[in-house]
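Enquirer: give the three-dimensional model of this entry:
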Amino acid sequence: MSEGNWGHLASDEKYGRLVDQVDDFKLITYDEAASESHAAHKHASHTMILARDLRVLWDLYPARAAILMQMRFDGVIGFPGGLVDPGEDPVVAANREMVEEIGLDLQKHSITKENHIVSYFNAKKNLVLHFFGLEVTLEEFCAIEQRNLKAPDYGVETLGILRPPLYTMGDNYRGLPAFLSNTFVGNARDELLLGLQHFKTHSAEEIQAALTAQEKHAAEHQGCQGKS
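Expert: Below is the predicted model of the structure:
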């Protein structure tokens, strides 16, 4: 198969290309996203599922919360979700995608417009992103994790779920800063950090400290590579 052979994926593959910069995503309101000016653009919906976790791990690090993210088919990390079908509402799409990708039982949990956290417009891709947040109990969260293995898209579009560590360990890198060094689809990394503030598990100062630690480690690692 040649490098450019996308088959039936060709029409949509551009939306997942890993070339985005932070400033490619402009914050817009949900109403703006639903307006006529964005009607011709492609839309996508993704959801953060969160459960508060009051444990202190190893008597050192507050767990704070469990958050569900996933390894995607393209080898990068993101939230459950995907492209909105033509004529489909973003909320309906968010629920449909979570059924397909993680096997969510909509009789127990479902997204409404009130779960909306933020929307973005990426002009380079003509893409509107809708990000939702759903809080559940830790017991419910564990049950959702277990259902993932039976989801219709498991092993195809999703290759496993994971929980981001929300603490920073004693070396000021392992934990959340190290997790932020991974490759994320689109602006999923920024959505994660915004979600942490939305649910008040972290302050803006704590988020910035984790980003600073991650950037410092990346710069030091790059410096070491340059000297080798």
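
Enquirer: for this structure, just list every one of the strands.
Expert: Under the criterion DSSP state E, the chain contains strands at 26-28, 42-57, 61-72, 77-78, 81-83, 116-122, 127-135, 158-162.

Enquirer: quick test: name the residue nearest the centre of this structure.
Expert: With distances taken as Cα atoms, centre = their mean, the residue of the chain nearest its centroid is residue 79 (3.4 Å).

Enquirer: since we're on residue 164, how many residues are nearby?
Expert: 18 (other Cβ atoms under 10 Å). Glycine gets a C-beta too; all of them are placed from N, C-alpha and C.

Enquirer: where does the prediction get shaky in this protein?
Expert: Scanning the chain for pLDDT under 70 picks out 1-4, 6-22, 223-228.

Enquirer: so can I have JSON lines of the strands of the chain showing mean neighbour count and distance to residue 101?
Expert: JSON lines is the format used below for those (neighbours: other Cβ atoms under 10 Å; distance: least, Cβ to Cβ, whole Å):
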{"stretch": "strand 26-28", "mean neighbour count": "13", "distance to residue 101": "25"}
{"stretch": "strand 42-57", "mean neighbour count": "20", "distance to residue 101": "10"}
{"stretch": "strand 61-72", "mean neighbour count": "20", "distance to residue 101": "7"}
{"stretch": "strand 77-78", "mean neighbour count": "20", "distance to residue 101": "10"}
{"stretch": "strand 81-83", "mean neighbour count": "22", "distance to residue 101": "7"}
{"stretch": "strand 116-122", "mean neighbour count": "20", "distance to residue 101": "19"}
{"stretch": "strand 127-135", "mean neighbour count": "23", "distance to residue 101": "14"}
{"stretch": "strand 158-162", "mean neighbour count": "16", "distance to residue 101": "5"}
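
Enquirer: and those strands as a markdown table, adding distance to residue 184?
Expert: What follows is the strands of the chain, written out as a markdown table (distance: least, Cβ to Cβ, whole Å):
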| stretch | distance to residue 184 |
| --- | --- |
| strand 26-28 | 18 |
| strand 42-57 | 11 |
| strand 61-72 | 9 |
| strand 77-78 | 5 |
| strand 81-83 | 13 |
| strand 116-122 | 14 |
| strand 127-135 | 13 |
| strand 158-162 | 12 |
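
Enquirer: for residue 216, find the nearest of those strands.
Expert: strand 61-72 (19.7 Å; Cβ to Cβ).
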